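Enquirer: when you get a sec, could you give me coordinates for this:
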Amino acid sequence: MSEINYRLFHDRTAENIRVEVGRLRDDLLFGSKKKVDKFGKVDIKCDIAALEILLSDYILDYKTPDPNERQLKTREEWHDFLTDTNQMNFNECLLILLGISPTLSDLIEPSLYKIKLNEIKKLQDKHLSLIFFQRVENHLLRERFRSNKINTSDFIKWALDYKYLRKIENE
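Expert: As a prediction, the model looks like this:
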């Protein structure tokens, strides 16, 4: 019997997220007072800690020839969510589409799936959530799944159809 594995359809999705999160971290750490103010009043230490966690191999990276233990664990967690759960919440699905370990879903605003475009000010102090909110993957996911609980098999079928995931059958 063949084993089914899933991967991101495009590795550049995860690469783009890594770059965006890195830029946010750099702006918060090294940006001018004016740049930091554009993000609103925030607890910078808390935000930077969350960003550092995310950047420490919690984003998929298949280009590294010799991945470290944390990267291998991230790959396993990411894949296990797709194969071992019956339902996921919206944030977990979004992180899977972006190539991030869904175990970090608590870093994102819990009601992200409810926020409408004209309500974006609700995310003013939540920089990471704002980055994820602005992604096309978020908007397509919200169009298709209008609740916080998403059936995993429906999600996988949709993600395969939209070419966010690809299925690899190993003999």
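Enquirer: for the residue nearest to K126 when sequence neighbours are not counted, which three-state class applies?
Expert: Of all residues not flanking K126 in the chain, E109 sits nearest, at 5.3 Å (Cβ to Cβ, 6 or more residues apart in numbering). C-beta coordinates here come from the backbone N, C-alpha and C atoms, glycine included. Secondary structure for E109, judged by DSSP: H, G, I helix; E, B strand; the rest coil, is coil.
Enquirer: what's the answer for K121, then?
Expert: Recorded secondary structure, K121: helix (three-state DSSP).
Enquirer: neighbours of it, how many?
Expert: Applying other Cβ atoms under 10 Å, we find 9 residues neighbouring K121.
Enquirer: same deal with G99?
Expert: 26.
Enquirer: you'd agree it is up against I17?
Expert: Yes. Using Cβ atoms under 8 Å, G99 is in contact with I17, at 6.5 Å.
Enquirer: now do the shared contacts for these two.
Expert: Jointly contacting G99 and I17 under the rule Cβ atoms under 8 Å, 6 or more residues apart in numbering are I59.
Enquirer: tally up the residues packed near T13, please.
Expert: Around T13 there are 19 residues (other Cβ under 10 Å).
Enquirer: what segments of the protein are helices?
Expert: Ranges of helices in the chain, per DSSP state H, are 11-30, 33-38, 44-55, 69-84, 90-98, 127-133, 136-144, 152-161.
Enquirer: check what pLDDT the residue nearest to K126 gets.
Expert: pLDDT recorded at E109 is 91.
Enquirer: OK, contacts around it?
Expert: E109 neighbours (Cβ under 8 Å, 6+ apart): 115, 122-123, 126, 129, 133.
Enquirer: closest to I48 out of those residues?
Expert: I48 lies nearest to K126 out of those, by Cβ to Cβ, at 14.0 Å.
Enquirer: in this protein, where is pLDDT below threshold?
Expert: Regions of the chain meeting the criterion pLDDT under 70 cover residues 1-3, 31-46, 171.
Enquirer: separation between the most centrally placed residue in the chain and P65?
Expert: Most central in the chain under Cα atoms, centre = their mean is L95, positioned 2.7 Å from the mean C-alpha point. As defined by Cβ to Cβ, to the nearest Å, L95 lies at a distance of 25 Å from P65.
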